[in-house]
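> dropping a prediction and its sequence here:
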Amino acid sequence: MNAESRFQHHFAASIAAKQATLERQLPALVAAADALVGGLRDGGKILVCGNGGSAADAQHFAAELTGRFERERPGLPALALTVDSSALTAIANDYSYDQVFAKQVEALGRSGDMLLAISTSGNSGNVVSAVEAAHARDMRVIALTGKDGGRIGAMLREGDVELRSASDVTARIQEVHILMLHCLCDAIDEQLYPAEGA
């Protein structure tokens with residue numbers, strides 16, 4: 001298969017994964033947006049975590065909220081737990097890598113805050129531990145997963161929301177995740193700071 005054909009395949013597979021996810025996850029996406037908006041409206045903050053590409057997505061989402069997405073508005077309280085190299089390396093060294101996000105959730109999270117946890121497999125040990133820490137702090141969890149949802153999908157509680165990409169391929173899962181994150185950003189903007197004349 002030549003490069004052109006491979007690229008056509010990638011685009012087609014991405015479109016198919018997004019369409020399948022929309023058909024299966026639209027109510028959950030609305031519920032996740034409502035949870036995030038409600039938490040922010042009540043004075044809560046959003047802690048975000050993930051590994052690798054999902055760490056980049058965590059930082060991307062937090063930046064869209066603290067800065068802006070597509071309209072001017074006040075900054076919103078969101079913090080990526082992936083960015084403090086001293087905290088990450090100290091926790092990994094003194095405890096274990098599975099605790100790098102959980103210890104930060106313990107330190108920074110409060111009841112009324114929310115954890116947005118990203119794991120393409122749903123099985124990332126440090127994200128699982130972060131979800132456990134969030135539950136211990138009476139925080140709601142929005143989990144972005146893929147495949148069968150993994151351990152994270154199975155451990156969510158009432159009030160939590162799973163947003164599962166309809167794919168088993170990591171690249172497709174990540175592509176769907178970034179679209180869902182942008183949908184959440186749009187919903188937060190629209191509900192908290194509606195466009196004038198809307």
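All right, it came through fine.
> at which residues are the helices of this protein located?
3-41, 53-66, 85-94, 102-108, 125-136, 150-155, 170-192 (DSSP state H).
> so what does the fourth one touch, helix or strand wise?
Same thing as helix 102-108. strand 46-49, helix 85-94, helix 125-136 (3 or more C-beta pairs under 8 Å, 6 or more residues apart in numbering; DSSP states H and E). All C-beta atoms are positioned from the backbone trio N, CA, C, and that covers glycine.
> flag every buried residue along it.
For helix 102-108, burial by neighbour count (16 or more other C-beta atoms under 10 Å) applies to 102-105.
> what is the rounded mean pLDDT of it?
For helix 102-108, mean pLDDT is 98.
> cool, and the second one?
Confidence over helix 53-66 (mean pLDDT, whole number) is 98.
> same check, this time on the first one
When pLDDT is averaged over helix 3-41, the result is 97.
> orientation of it relative to helix 53-66 in degrees?
50 degrees (axes from the mean of the first three to the mean of the last three C-alpha atoms, to 10 degrees).
> pull out the buried positions in helix 3-41.
14, 17-18, 21, 25, 28-29, 31-33, 35-37, 39-40.
> between those residues, which is nearest H177?
T21 (9.5 Å; C-beta to C-beta).
> so what's the closest one up against?
By C-beta atoms under 8 Å, 6 or more residues apart in numbering, the contact set of T21 is 164-167, 176, 180.
> make a markdown table from those residues and add neighbour count to it.
As requested, the contacts of T21 are exported to a markdown table (neighbours: other C-beta atoms under 10 Å):
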| residue | neighbour count |
| --- | --- |
| R164 | 23 |
| S165 | 27 |
| A166 | 19 |
| S167 | 22 |
| V176 | 26 |
| M180 | 26 |
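> closest one to P74 out of these, please.
M180 (23.7 Å).
> that closest one reaches A143, doesn't it?
No: contact criterion C-beta atoms under 8 Å: M180 and A143 do not qualify, at 11.2 Å.
> any shared contact partners between those two?
Joint contacts of M180 and A143 (C-beta under 8 Å, 6+ apart) are L163.
> can you list the helices and strands packed on helix 102-108 in CSV and add distance to L116, mean pLDDT and mean neighbour count?
Compiled in CSV, those are given as follows (distance: least, C-beta to C-beta, whole Å; pLDDT from 0 to 100; neighbours: other C-beta atoms under 10 Å):
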stretch, distance to L116, mean pLDDT, mean neighbour count
strand 46-49, 5, 98, 27
helix 85-94, 18, 98, 13
helix 125-136, 10, 98, 22
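> would you reformat these as CSV and include distance to N2?
Listed next are these as CSV, based on distance: least, C-beta to C-beta, whole Å:
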stretch, distance to N2
strand 46-49, 39
helix 85-94, 42
helix 125-136, 38
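> among these, which is nearest P194?
Comparing the helices and strands packed on helix 102-108 by C-beta to C-beta, strand 46-49 comes nearest, at 20.0 Å.
> re the thing from before, between the helices and strands packed on helix 102-108, which one is closest to R71.
strand 46-49 (18.4 Å).
> gap between the closest residue to Y97 other than its chain neighbours and A16?
In space, and not counting its chain neighbours, Y97 is closest to N126: 6.0 Å by C-beta to C-beta, 6 or more residues apart in numbering. With distances taken as C-beta to C-beta, to the nearest Å, N126 is found 31 Å from A16.
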